[in-house]
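[1] Just the structure for this:
(chains A, B and C)
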Amino acid sequence: MTSSAVPAEPRCLVWFRNDLRLSDHVALTAAARNGLSIVTCYVYDDTVDDAPGGARRWWLHASLRALSTDIAERGGDLLLRRGKAAAQVASVAVANAVAEVHCLKSHTPNGRIAEAELAKLLAARGIKLVLHAGDTLFDPEQIRSGSGQPLKVFTAFWNACVRSGSVGTPLPVPSKLPFVRSVVPGDSLDAWALEPKSPDWAGDIRAAWTPGEAGARARLAAFAAGPLHAYRAERDRPDREGSSRLSPHLSFGEVSPRAAWAAAAGRNRGENEAAFLRELGWREFARHLVWHWPRFPHESFRAEFRRFPWRDDAAALARWQRGQTGYPLIDAGMRELWHTGWMHNRVRMVAASFLVKHLLVPWQQGASWFWDTLVDADLANNAVGWQWVAGSGADAAPYFRVFNPLLQAQKFDPDGHYVRRWIPELSALPTEFLHDPSAAPESALRTASVVLGQTYPVPIVAHSAARARALAAYARARGNGSSAR
DNA sequence: TGAAATGTTGGGGCG
DNA sequence: ACGCCCCAACATTTC
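    Numbering: from 1, shown residues only, chains lettered A, B, ... in the order given. Predicted structure coming up:
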């Protein structure tokens, strides 16, 4: 195919990023209103350090296929390009002689760099770049303290958000979308080979999820009709279907935060609706922090944690990754993550705390594993979550809040359904011993065919000793801090 | 969006 | 009747 064709009519370009939807898409809606024909594109940039990990590549493949279909049904064509985002978008824009490029504004360091480079490339050709704020409910740049500073405490941040105005109604898919084909060719999705081939490890993930805008809307509707009504308490129960499971859909932008807000913020907003909206608030807060502190994803926000005596323990990290720590709740979570690309939030907190505090492994190593295995991995949420657990972040859990995996299991998986589901080798143990097999009597282990150290590991560390070690390490880091100041 | 150690209180058993 | 002890239950402090 040649690329010399000149478009017959004036065009604009909509660049899809982490916003793989047609409804409530402010950039698409703006483009649909400006009277120009619309070319659409997506760029897969795997040259950046926050390129999608394995689980997200699988999801991206399915989601792009869904978006391509949705666009094709409306007479369009999603052009696929691979490489540096700014260069690719600019080349598509120039070849199609577009007047404007529309996209949603990013909050990540790499996203912002791409926008700046793109603006420069386009300006040199007289093309306008129009950035739209549509990835958050409230523009994270605009929310400030009374003295104009960015906010470091969640509650103050969320109060400022809520005070700043009401959240708008989600936009429908534009009724008229004058899509046209690009005059230059793109890649085929299959050629990107985003799906695992040999071995195909995505079987369980495929069964657990329906990527794409339609799947996202169905999930939101099912959540709003059911679990939302008991969300405040049930969201803490990994043994039940109490959470929204919207995170991967939100992270790819298959559903907008505004649509999620609208599903819970309507009439009779009670404690359950408020609790869900508050979780959307943490997503906003994470974007706010990363916007104002672009180093947040990479280094500890609080200085004393940059000199923390972390351990370089590849063996411990590997056991944590594989779900072989000997603490059933943690191992169940890590195996749920590996098999489904997702882990219940309560278990994420306990498992993350265990890596950082019981094993003293730097939070970045845990964040990196989550990045590769979570289908919902999001740069801001991931870093803010890990730093919250580690105690190194803004408005973080105090360092001495060390989760006791046994107590957490007894409290949030009281009947052991969650642990039994993911650790079948322990499933025959009576519930009273299930969460702490190393304390079970020999007879119970024998009856359940559990041989500690063989069929299931002995705990990698003893809880009380590990807790004491973590507190001592923190005291050392803090002590160093005050003397070095 | 903790847990453990420590302190306080009050009922009941008992000499 | 009274003081003493034990200890569970609850509250506070500390990590």
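[2] which one is residue A:181 nearest to, not counting chain neighbours?
    Among residues not flanking residue A:181 along the chain, residue A:77 sits closest, at 4.8 Å (C-beta to C-beta, 6 or more residues apart in numbering). (C-beta placed from N, C-alpha, C; glycine too.)
[3] State whether that neighbour and residue A:185 are indeed in contact, as I suppose.
    No. Contact between residue A:77 and residue A:185 fails when scored by C-beta atoms under 8 Å: they sit 10.3 Å apart.
[4] So which other helices or strands are in contact with the helix or strand where residue A:219 lies?
    Here residue A:219 is covered by helix A:213-225, with elements defined by DSSP states H and E. Where contact means 3 or more C-beta pairs under 8 Å, 6 or more residues apart in numbering; DSSP states H and E, helix A:213-225 is packed against helix A:54-72, helix A:247-251, helix A:257-264.
[5] Can you show me the CA trace of it as CSV?
    What follows is helix A:213-225, C-alpha atoms only, in CSV (Å, rounded to 0.1, in the frame of the first residue of the first chain):
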residue,chain,number,x,y,z
GLU,A,213,-16.2,-1.6,27.0
ALA,A,214,-19.2,-3.9,26.9
GLY,A,215,-17.7,-6.2,29.5
ALA,A,216,-16.9,-3.2,31.7
ARG,A,217,-20.4,-1.9,31.5
ALA,A,218,-21.8,-5.3,32.4
ARG,A,219,-19.5,-5.5,35.4
LEU,A,220,-20.4,-2.1,36.6
ALA,A,221,-24.1,-2.8,36.2
ALA,A,222,-23.8,-6.2,38.1
PHE,A,223,-21.9,-4.5,40.9
ALA,A,224,-24.4,-1.6,41.2
ALA,A,225,-27.3,-4.1,41.3
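[6] Give me the buried positions along it.
    For helix A:213-225, the neighbour count (16 or more other C-beta atoms under 10 Å) marks A:213, A:215-217, A:219-220, A:223-224 as buried.
[7] Looking at the residues you listed, which is nearest DNA strand C?
    residue A:223 (35.3 Å; C-beta to the nearest atom of the strand).
[8] before we move on, could you check phi and psi at the closest residue to that closest one other than its chain neighbours?
    Spatially, and ignoring its direct neighbours in sequence, residue A:223 is nearest to residue A:244 (4.5 Å; C-beta to C-beta, 6+ apart). With angles defined as degrees, to the nearest 10, residue A:244 sits at phi -80, psi -30.
[9] quick one: contacts for residue A:244?
    A:219-220, A:223, A:227-228, A:231, A:235, A:260, A:276, A:279 (C-beta atoms under 8 Å, 6 or more residues apart in numbering).
[10] Show me where the stretch 101-250 of chain A has its helices.
    A:109-123, A:154-163, A:203-208, A:213-225, A:231-234, A:247-251 (DSSP state H, counting those that start in this stretch).
[11] Ok, which of those helices comes nearest DNA strand B?
    Short answer: helix A:154-163, nearest of the helices of the stretch 101-250 of chain A by C-beta to the nearest atom of the strand, at 6.2 Å.
[12] Just the residues contacting the closest one, thanks.
    A:137-138, A:143-145, A:151, A:278, A:281-282, A:284-285, A:288, A:395.
[13] Name the residues of that helix that are buried.
    A:154, A:157-158, A:160-161.
[14] Filtering those residues by proximity to DNA strand B, which remain?
    Within the set of the buried residues of helix A:154-163, contact with DNA strand B (C-beta under 7 Å from any atom of the strand) is found for residue A:154.
[15] quick check, nearest of the buried residues of helix A:154-163 to DNA strand C?
    Comparing the buried residues of helix A:154-163 against DNA strand C with C-beta to the nearest atom of the strand places residue A:154 closest, at 19.1 Å.
[16] and the residue of the stretch 301-450 of chain A found nearest DNA strand C, how many residues sit next to it?
    Closest approach between the stretch 301-450 of chain A and DNA strand C, counting by C-beta to the nearest atom of the strand: residue A:400, at 3.8 Å. When counting by other C-beta atoms under 10 Å, one arrives at 12 neighbours for residue A:400.
[17] can you list the residues of chain A near DNA strand C?
    A:398, A:400, A:471, A:475.
[18] Recalculate using a threshold of 10 Å.
    Selection of chain A residues close to DNA strand C by C-beta under 10 Å from any atom of the strand yields A:398-402, A:467-468, A:470-472, A:474-475.
[19] Identify, from the contacts of helix A:154-163, the entry nearest to residue A:429.
    residue A:282 (35.5 Å; C-beta to C-beta).
[20] Look up how far DNA strand B lies from that closest one.
    According to C-beta to the nearest atom of the strand, to the nearest Å, residue A:282 stands 5 Å off from DNA strand B.
[21] do residue A:102 as well
    Residue A:102 is 33 Å from DNA strand B, by C-beta to the nearest atom of the strand.
[22] Test my guess that that residue contacts residue A:29.
    No. Look at residue A:102 against residue A:29 with C-beta under 8 Å: they stay out of range, at 9.2 Å.
[23] For burial, what's the neighbour tally of residue A:284?
    22.
[24] helix or strand for it, which one?
    Per DSSP H and E: helix A:271-292 holds residue A:284.
[25] Give me the below-cutoff pLDDT ranges for the stretch 351-485 of chain A.
    Within the stretch 351-485 of chain A, the segments meeting pLDDT under 70 span A:480-485.
[26] dump the residue contacts of the spatially closest residue to residue A:452 that is not a sequence neighbour.
    Excluding the flanking residues, the one nearest residue A:452 by C-beta to C-beta, 6+ apart is residue A:458, at 5.3 Å. Contacts for residue A:458 (C-beta under 8 Å, 6+ apart) come out as A:326, A:438, A:452.
[27] Counting neighbours, which of those comes out on top?
    Of those, with other C-beta under 10 Å as the count, residue A:326 tops at 19 neighbours.
[28] can you confirm that one is in a strand?
    No. Read with DSSP: H, G, I helix; E, B strand; the rest coil, residue A:326 is coil and lies in no strand.
[29] Show the contacting residues for the residue nearest to residue A:181.
    Per C-beta under 8 Å, 6+ apart, neighbours of residue A:77: A:40, A:68, A:71, A:179, A:181-182.
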